[in-house]
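K.L.:
Quick one, fold the following:
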Amino acid sequence: MIERIKNELFSEKGMKIVNLLFFLAVFIHNKVFIICSFIAWLIYLVFSINNTSSKIMKIIYRLLSGYAIIIIVINIWQLLN
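P.N.:
Numbering: from 1, shown residues only. Take a look at the predicted model:
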């Protein structure tokens, strides 16, 4: 099951899945859904960091990963309060 999800996320359709999650998060104002969207994006970014050879792209992916982590932490904190 996890292997199938991993293969789907890291295929050509992977970014489409992540974009769809963000699109749905705009219309569904649920903190849990937003957290799941950013976690999927973070997984995609980590995979991209590991598979790119460009140093500039690795820096950009790391900055975006940091942003995703900050958003995830903020939403979890708001969810718990």
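K.L.:
got the contact list for residue 32?
P.N.:
Shown in contact with residue 32 (Cβ atoms under 8 Å, 6 or more residues apart in numbering): residue 79. Backbone N, C-alpha and C define where each C-beta goes, glycine included.
K.L.:
Apply 10 Å and report the result again.
P.N.:
75, 76, 79 (Cβ atoms under 10 Å, 6 or more residues apart in numbering).
K.L.:
Regarding it, what is its secondary structure?
P.N.:
Here residue 32 is recorded as helix under DSSP: H, G, I helix; E, B strand; the rest coil.
K.L.:
Kindly report the same for residue 25.
P.N.:
With three-state DSSP as the basis, residue 25 sits in helix.
K.L.:
where's residue 45 relative to residue 66, distance?
P.N.:
Applying Cβ to Cβ, to the nearest Å, the value for residue 45 to residue 66 is 10 Å.
K.L.:
nope, residue 18 is what I meant
P.N.:
17 Å.
K.L.:
And residue 13, by the same measure?
P.N.:
26 Å.
K.L.:
what's the answer for residue 39, then?
P.N.:
Counting by Cβ to Cβ, the gap from residue 39 to residue 66 is 14 Å.
K.L.:
I'd guessed residue 21 sits against residue 41; true?
P.N.:
Yes: counting by Cβ atoms under 10 Å, residue 21 touches residue 41, with 7.6 Å between them.
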